[in-house]
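> Test case, fold it:
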Amino acid sequence: MDIDPDGLLCVCAYTRALDANANGNSQGQCAKYVRTALEAGGADTSNRPVAARDYGALLERNGFSEVPQANYVPQPGDTAVIDSYAGCSAYGHDQGYTGGGSSGWTSDFQQPRFWASRGYEAANSYKVCRPTDTGSTTGGGYSCKGVLPAASRC
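Reported below is the predicted structural model:
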């Protein structure tokens, strides 16, 4: 893993890693899958939290900023940090927007919609963080050179 010296993310490598590693259904390991995709994009995940719901500070350390929920339109690289709720895993949920699959949202599986479960939807307690893209076309073994024109690069 190559950590970007400025603490920024290669969004293209991050989203490609998310899609490449996603399963058909939840494995109960969203934080692991999001973390390994972040690492593929050059993020520094040292001293990471165990719980998915606590990934906000990790994202901020890597150049992400919270996006207002009003009139929100997802962009590749956006990462949702979703709180736990009563009757659910105490760890919460993380997911990244890749633009792929039926909803564009991926964690340890290709999600059919934004919400990973009806319980998270009912609790409705989350934030979305957006990365500052390095503009790099390579990272963590994933190359986006020649895949996307520069003007539409992730």
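
> for the residue positioned nearest the centre of the chain, helix, strand, or coil?
Geometric centre of the chain, nearest residue: Gly96, 2.8 Å, by CA atoms, centre = their mean. Applying DSSP: H, G, I helix; E, B strand; the rest coil to Gly96 yields a three-state assignment of strand.

> Tell me who's in contact with it.
Gly96 is in contact with Tyr14, Thr15, Leu18, Val34, Ala37, Gly77, Asp78, Thr79, Ala80, Trp105, Thr106, Ser107, counting by CB atoms under 8 Å, 6 or more residues apart in numbering. Placement of C-beta: from N, CA and C, glycine included.

> Would you quantify the distance from it to Ala57?
Distance, Gly96 to Ala57, using CB to CB, to the nearest Å: 17 Å.

> before we move on, what SS does the nearest residue to Gly99 once chain neighbours are set aside have?
The shortest distance from Gly99 to any non-neighbouring residue, by CB to CB, 6 or more residues apart in numbering, is to Pro76 (5.2 Å). Assigned with three-state DSSP, Pro76 falls in the coil class.

> Number of residues surrounding Pro76?
Residues near Pro76, counting by other CB atoms under 10 Å, number 23.

> Okay, now the unreliable bits of the chain?
1-8, 133-154 (pLDDT under 70).

> please redo it, this time with the cut-off set to 90
1-13, 40-44, 61-63, 86-89, 99-102, 131-154 (pLDDT under 90).

> Beta-bridge partners for the residue nearest to the centre of the chain, please?
Thr79, Thr106 (DSSP bridges).
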